[in-house]
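Asker: predicted structure and sequence below. I'll ask about it afterward.
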Amino acid sequence: MQRLDDVQAREVTLAAVGAINRRDHRWSIEAVRCLASDERLRMVAIDTCAAILLRGVPRGSLDPSVRIPVSVPATPGEEIPAQAAEVASEVLSGLACGDDGRVVVALGVLAEEQRFDALLVLVRAAAAWIDTYVGIDGDTVDAYYAISKAETT
């Protein structure tokens, strides 16, 4: 595979998130593996997922003691390492608190496979966030049409 630039890495990250929501887990895993293999690409992917997961939370706006929990379901036959969810949580918490050192420490202790696991957790969490809010948006639109139709009849 050719070397990706930052824009392409962002697009691949968003595609990996979309693949999760389309239940194409195999494609998503391969995309995350590619992103996790390079530090620059990994950071773009983390930033992209954080932009989704921390939408509405300005960087540095939370108290340093805040911890943002991250949990995602595993696909059938798969186990998500607890450390991956812990690292994903620490990364998001550090970004939300504006503590770059916290993020660096969280990512610095990981071996290559653990970096993949942590990034996969972030991608899956972003997919779950989008899935939840698309569902809520669909429910609000359905409710609007149901009520507006009832008012006009």
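Answerer: Received the coordinates, thanks.
Asker: L119 is in contact with V44, isn't it?
Answerer: No - at 10.7 Å, L119 does not count as touching V44 under the criterion of C-beta atoms under 8 Å. Quick note: C-beta positions are derived from backbone N, CA and C, even for glycine.
Asker: now for those two: what residues contact both?
Answerer: Residues touching both L119 and V44 (C-beta atoms under 8 Å, 6 or more residues apart in numbering) are L35.
Asker: which one's more surrounded, the two?
Answerer: Ranked by neighbour count (other C-beta atoms under 10 Å), L119 and V44 place L119 first, with 27 against 22.
Asker: now do the SS call for that one.
Answerer: Following DSSP: H, G, I helix; E, B strand; the rest coil, L119 is assigned to helix.
Asker: now it. Nearest residue, chain neighbours left out?
Answerer: Once flanking residues are discounted, L119 sits nearest to A36: 4.8 Å by C-beta to C-beta, 6 or more residues apart in numbering.
Asker: the one you found against R115, yeah?
Answerer: Yes - in this structure, A36 is within contact of R115 by C-beta under 8 Å, at 5.1 Å.
Asker: out of those two, which sits in the more crowded spot?
Answerer: A direct count of neighbours by other C-beta under 10 Å for A36 and R115 places A36 higher, at 23 against 20.
Asker: point out where this protein drops to low pLDDT.
Answerer: Along the chain, the model assigns pLDDT under 70 to residues 1-2, 74, 76-77, 137, 151-153.
Asker: that one: helices as residue ranges?
Answerer: Assigned by DSSP state H, the helices in the chain fall at 6-21, 25-36, 39-53, 82-97, 100-108, 112-152.
Asker: and the contacts of the second one?
Answerer: When you say that, I think you mean helix 25-36. Helix 25-36 is contacted from outside by 1, 4, 9, 12-13, 15-17, 19-20, 41-42, 44-45, 75, 112, 115-116, 119-120, 123, using C-beta under 8 Å, 6+ apart.
Asker: also stretch 99-111?
Answerer: Identification of contacts with stretch 99-111 by C-beta under 8 Å, 6+ apart yields 64, 87, 90-91, 93-95, 115, 118.
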